[in-house]
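A.B. asks: let's see this in three dimensions:
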Amino acid sequence: MSFETEKREARAILAAIEDSGPTPAQTFRLMQDADPALVHFVFAWLRAHYPSSHPSSDGVLGRLGALVTEHPAAAKMARKGAEDSLVAWFEESHSYRELDADTFIDLVVEKLEG
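C.D. replies: Numbers count the residues shown, from 1 in each chain. Here you go, the predicted structure:
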C-alpha cells in the first residue's frame, strides 16, 4: 500500500473521532487493520489537542470514550501500540501538541511504514 493511501486511512481514523459523523462501529471498522502504534499515536494526539479547557474537548473525547467503551479492542490496540519503539522515539523527539493533524499523520505514517 502506498504512503498516500496509508496517510489517507490514518487521517480518516483521526477525523472520524475529531470531526464526528461516523458511529463508533464505523470508526472501529476504519481502524481494525491499522498498526496498533498508529492507533496509539492517534489517541495520544487527540488527547493532547483537546484538553478539558478546549471548547470541543467534550465532543472529541466523548467520541473517543464511546469508541473504546463500545469496542474494547480499540483500547487494547492503543495499549499494544504504546509499546512500539517508534512511540518512544516520537515522544523523545516531539510533542503531540506541536504538530497539526496533517503534519503529524505524515510524520508517523512515514516512520511506521519506512
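A.B. asks: ranges for the helices of the protein?
C.D. replies: For the chain, the helices defined by DSSP state H cover 3-18, 24-31, 36-49, 57-70, 72-81, 85-93, 101-113.
A.B. asks: tell me the most buried of these?
C.D. replies: Greatest average neighbour count among these goes to helix 36-49 (a mean of 21), per mean count of other CB atoms under 10 Å. In this view, the C-beta of every residue, glycine as well, is placed from N, C-alpha and C.
A.B. asks: where does this structure dip in pLDDT?
C.D. replies: For the chain, the stretches with pLDDT under 70 are 1.
A.B. asks: wait, what's in contact with the residue most central in space within the chain?
C.D. replies: Note on the chain: the residue nearest the mean C-alpha position is V42, at 1.4 Å, using CA atoms, centre = their mean. Counting by CB atoms under 8 Å, 6 or more residues apart in numbering, V42 makes contact with 10, 13-14, 17.
A.B. asks: closest one to K76 out of those, please.
C.D. replies: For the contacts of V42, the minimum distance to K76 (CB to CB) is 15.7 Å, reached by I13.
A.B. asks: pretty sure that closest one is touching L30, no?
C.D. replies: Yes - between I13 and L30 there is a contact at 5.1 Å, judged by CB atoms under 8 Å.
A.B. asks: on that earlier part again, okay, the contacts of V42 in TSV with distance to H94 next?
C.D. replies: TSV is the format used below for these (distance: CB to CB, whole Å):
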residue	distance to H94
A10	16
I13	19
L14	16
I17	20
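A.B. asks: let me know the closest of these to E98.
C.D. replies: For the contacts of V42, the nearest to E98 is L14 (16.1 Å; CB to CB).
A.B. asks: how near is W45 to L64?
C.D. replies: Counting by CB to CB, to the nearest Å, the gap from W45 to L64 is 11 Å.
A.B. asks: how about M77?
C.D. replies: According to CB to CB, M77 and L64 sit 13 Å apart.
A.B. asks: same check, this time on S95
C.D. replies: Taking CB to CB, one finds S95 at 19 Å from L64.
A.B. asks: next one: F43
C.D. replies: As judged by CB to CB, F43 and L64 stand 7 Å apart.
A.B. asks: now swap in L46 and tell me
C.D. replies: With distances taken as CB to CB, L46 is found 6 Å from L64.
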